[in-house]
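Novice: with the sequence up front, the predicted model follows.
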Amino acid sequence: MKHKPLDAYLHASAYIDYFDLRIQQLIATFTQEHEIEKIKAVFEYVRDEISHSYDIKNNTVTRRASEVLENKHGICYAKSHLLAALLRGMGIPSGICYQRLTLYDKPEDGYCIHALNTVYLKEYNKWIRLDARGNKEGVNAQFSIHEEQLAFPIRAAYGEKDYTTNFDEPHPDISKTLEAYTDGLRMYQEGLPADLSEENTKE
C-alpha cells in the first residue's frame, strides 16, 4: 500500500475535524493505558455505537466526523472520517482506504466504493486496516493485528478490488458524492461512485 509520511495521517481537516469539542470530550473517555487496547476500543466504539445510516434507514447525510458523532450515524465514508478523527486526535496516525465491491452481491448489479480505515501500530511498525462499517448478518469485522478480518473480503472473480493508496484525506470522488446529496438513502441507492477516478491511472 502506498503511504505518505506518518505526519500526513495526523492532521485535522474539514472532514476529519478532531478539534471539535464533542470529539475531544469523547477522546478523553478512552483511558486505556496500552495504545493497542485504545485503538481497539475506539474502533469498536465507531463500529458498534455509530449506526450505519442505511441499516437504520436514516436519510440524513453526515459528512464531517463531528456530524457523524452528533447524529450517531453515517455511511461507511462518514464513519471512516470519525474513526480517523478520533485516532488522530489521540496522536495515532490513521488514514482512509477504499474497496470496489459489488453493489448487490452480483457484478451485473453494478459496483460501489466502500471506505475503511488504516491505522499505524507503533509497537509493530506496521499499518493495518480496520472496517468500522458496522456488523450485521453476514458482516463480522473485527480488530485484528496479524490477520485482517474486514467486513467484505475481496472477490477478485467478481471484479472487486482493494485500492492500494492509503489516503490522508477522503478521496475527491467521495467528498463530492457526500456534498451532492441531501437525501442519504437516495445517495446510497443511486449515487455511490463505482470506481475512483485518480486510482484508475495508477493501477
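Specialist: Everything's here; your move.
Novice: ranges for the strands of this protein?
Specialist: Taking DSSP state E, the strands of the chain run over residues 51-52, 73-74, 94-102, 111-121, 126-130, 161-162.
Novice: by contact count, what packs against the last one?
Specialist: Using 3 or more CB pairs under 8 Å, 6 or more residues apart in numbering; DSSP states H and E as the contact definition, the elements that strand 161-162 packs against are strand 94-102. The way it works is simple: take the backbone N, C-alpha and C, and place the C-beta from them, glycine included.
Novice: and for the fourth one?
Specialist: Here strand 111-121 touches helix 35-49, helix 76-89, strand 94-102, strand 126-130, helix 172-180, going by 3+ CB pairs under 8 Å, 6+ apart.
Novice: out of the strands of the chain, which is closest to A151?
Specialist: Checking the strands of the chain against A151 by CB to CB gives strand 111-121 as the closest, at 7.4 Å.
Novice: quick check: angle from that closest one to strand 126-130?
Specialist: 140 degrees (axes from the mean of the first three to the mean of the last three CA atoms, to 10 degrees).
Novice: centroid residue for the chain?
Specialist: S80 (2.4 Å; CA atoms, centre = their mean).
Novice: which pLDDT value goes with the closest residue to it other than its chain neighbours?
Specialist: Excluding the flanking residues, the one nearest S80 by CB to CB, 6 or more residues apart in numbering is A115, at 4.3 Å. We note a pLDDT of 98 for A115 in this prediction.
Novice: got a list of what S175 touches?
Specialist: Going by CB atoms under 8 Å, 6 or more residues apart in numbering, S175 touches 15, 63.
Novice: which of the strands of the chain sits most buried?
Specialist: Highest mean neighbour count among these (mean count of other CB atoms under 10 Å): strand 73-74, with a mean of 27.
Novice: any weak-confidence spans in this protein?
Specialist: Residues of the chain meeting the criterion pLDDT under 70: 198-203.
Novice: switch the cut-off to 90
Specialist: Within the chain, the stretches with pLDDT under 90 are 103-109, 189, 197-203.
Novice: centroid-wise, who is the farthest residue in it?
Specialist: Distance to centre of the chain, CA atoms, centre = their mean, peaks at E108 (25.6 Å).
Novice: ok so, going back, got a list of what the residue nearest to S80 touches?
Specialist: 76-77, 79-80, 96-98, 170, 174.
Novice: what does I16 give?
Specialist: 65, 81, 84-85, 88, 169.
Novice: buried ones among the residues you listed?
Specialist: 65, 81, 84-85, 88, 169 (16 or more other CB atoms under 10 Å).
Novice: Throw those into TSV and include distance to Y163, thanks.
Specialist: Shown next, in TSV, are these (distance: CB to CB, whole Å):
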residue	distance to Y163
A65	21
H81	17
A84	16
A85	21
R88	21
E169	14
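Novice: my read: N71 touches N59, true?
Specialist: No: here N71 lies out of contact with N59, judged by CB atoms under 8 Å, at a distance of 11.4 Å.
Novice: for L10, find the nearest of the helices and strands packed on strand 111-121.
Specialist: Taking CB to CB, helix 76-89 is the member of the helices and strands packed on strand 111-121 nearest to L10, at 5.3 Å.
Novice: give the contact list for the residue nearest to the centre of the chain.
Specialist: Here S80 is in contact with 96, 115-117, 132, 170 (CB under 8 Å, 6+ apart).
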